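Enquirer: next come a sequence and a model predicted from it.
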Amino acid sequence: MKKSTIRTKAEKVLYPIALIFSFIFWGSFVFGFAYIFTTEPVAVEPCITEDDERYYFYSPDELTQYGIPLSDCIARSDLPEHVYQEALLDSEKQSRASLVAASGGLGLILFYAFMIIFFAYFSTGLFMGYIRLNGVRLSEKQYGVFYKIYKETAEQLGLTQVPHAYIIRASGDVNAFAVKVSRKKMVVFFAELIETLVDGEKYDELRAIAAHELTHVYLNHVNYWIFLLPIHIIPLFPSMLSRARENSADRGAVLLTKNKETVTQALIKIVTGKYVAQHVDVDEYIEQPKTERGFFTWLVRITSSHPPIPHRLKNIRDMQDIQIEA
């Protein structure tokens, strides 16, 4: 299955922007340090006035920024040699100090960037370490029925390596997520999600969520997250990209299950639970955000990493460019 078929138009626009911005951000550090450490301090031409004020310039035009005409400078021939050499040495010291200050500034920014990366990576690794030690890893012997469905879904996507999947109970959170730590790609299913979506021997809705998470892996949403960290300095951009990726993953789930209704019901049950979901009118639920207006609903909408569920259901319903079963 082609990735371009799954990705939404929004992701196709936002992801290249994220890559380009991050490349420029990290490249500027490399270029900046390379420039600083390969540049020698330069002694520039001094201008010494009758009042012993000293200015340094590469060209006479630079003196205009001080409001000093070149005629106010004592001619080079009229300056004692030791005074001229002293001025040159002073200018070299100033040049060196500027380079040191620049390298210190870049170093400080890089240090903070490294600390953010370290804590983000360490906290994610610690959390996943806990899950790997305590969760149940899917296999033919460990919840083999679901493992078979999970593996078939991964193979249907064309994943050459099936990511390890773990099941663990959360604090009532009905969720699943995909992640990559230390080159290991993993998918985690909270036990509450399985209890909510599995109905007897029917695994269609759980398969839809597995397809959603595996689509994240297939589209490299779990890759390059450290490289892409600089995009977080752009207000609202990370959440925009994240929402676009969620819509792409929903699209992948629809393509893999070939059933919009299955994906729709899975998302509704994640919000309401399996019993209330039976009494939800999907059409009214999709229209609900239009009546829920206000500053805080707007703020949640633009800052959330996931689109509101009604918006996701509408996007699923509006997928007209792919042929699927009703």
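Expert: On my side now, so go ahead.
Enquirer: just name the shakiest helix or strand of the chain by mean pLDDT.
Expert: Lowest by mean pLDDT, DSSP states H and E among the helices and strands of the chain is strand 54-57, with a mean of 62.
Enquirer: how is this protein carved up into domains?
Expert: Residue ranges for the domains of the chain, per automatic domain parsing: 3-32+135-317, 39-108.
Enquirer: ok, and for the host helix or strand of P238, which residues are buried?
Expert: Element membership of P238 [criterion: DSSP states H and E] is helix 237-257. Residues 238-257 are the ones in helix 237-257 that count as buried (16 or more other C-beta atoms under 10 Å). Bear in mind the C-beta positions are built from the backbone N, C-alpha and C, glycine included.
Enquirer: try stretch 109-120
Expert: By 16+ other C-beta under 10 Å, stretch 109-120 has no buried positions at all.
Enquirer: and if you look at stretch 281-291?
Expert: For stretch 281-291, burial by neighbour count (16+ other C-beta under 10 Å) applies to 282, 285-286, 289.
Enquirer: got the residue ranges for the helices in this protein?
Expert: 3-6, 9-38, 81-134, 144-157, 191-197, 204-218, 237-257, 260-272, 274-277, 282-287, 295-303, 309-317 (DSSP state H).
Enquirer: please convert the ones you listed to CSV, extending it with mean pLDDT and distance to F227.
Expert: Converted to CSV, the helices of the chain look like this (pLDDT from 0 to 100; distance: least, C-beta to C-beta, whole Å):
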stretch, mean pLDDT, distance to F227
helix 3-6, 90, 19
helix 9-38, 86, 5
helix 81-134, 76, 10
helix 144-157, 96, 23
helix 191-197, 96, 30
helix 204-218, 97, 17
helix 237-257, 96, 13
helix 260-272, 96, 30
helix 274-277, 94, 39
helix 282-287, 96, 36
helix 295-303, 95, 23
helix 309-317, 96, 27
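Enquirer: ok so, going back, which one of the domains of the chain lies nearest to F118?
Expert: domain 3-32+135-317 (10.0 Å; C-beta to C-beta).
Enquirer: if we can go back for a sec, extract the CA atoms of the helix holding P238 and return them as PDB.
Expert: Extracted in PDB, the C-alpha atoms of helix 237-257 (Å, rounded to 0.1, in the frame of the first residue of the first chain):
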ATOM      1  CA  PHE A 237       2.600  23.900  14.500                       C
ATOM      2  CA  PRO A 238       3.300  20.700  16.400                       C
ATOM      3  CA  SER A 239      -0.300  20.200  17.200                       C
ATOM      4  CA  MET A 240      -1.300  20.900  13.600                       C
ATOM      5  CA  LEU A 241       1.100  18.300  12.400                       C
ATOM      6  CA  SER A 242      -0.100  15.800  15.000                       C
ATOM      7  CA  ARG A 243      -3.700  16.300  14.100                       C
ATOM      8  CA  ALA A 244      -2.900  15.800  10.400                       C
ATOM      9  CA  ARG A 245      -1.100  12.600  11.300                       C
ATOM     10  CA  GLU A 246      -4.100  11.300  13.300                       C
ATOM     11  CA  ASN A 247      -6.300  11.900  10.300                       C
ATOM     12  CA  SER A 248      -3.900  10.000   8.200                       C
ATOM     13  CA  ALA A 249      -3.900   7.100  10.600                       C
ATOM     14  CA  ASP A 250      -7.700   7.100  10.600                       C
ATOM     15  CA  ARG A 251      -7.500   6.900   6.800                       C
ATOM     16  CA  GLY A 252      -5.200   4.000   7.100                       C
ATOM     17  CA  ALA A 253      -7.600   2.200   9.400                       C
ATOM     18  CA  VAL A 254     -10.400   2.700   6.900                       C
ATOM     19  CA  LEU A 255      -8.300   1.400   4.100                       C
ATOM     20  CA  LEU A 256      -7.300  -1.700   6.000                       C
ATOM     21  CA  THR A 257     -10.600  -2.600   7.500                       C
END
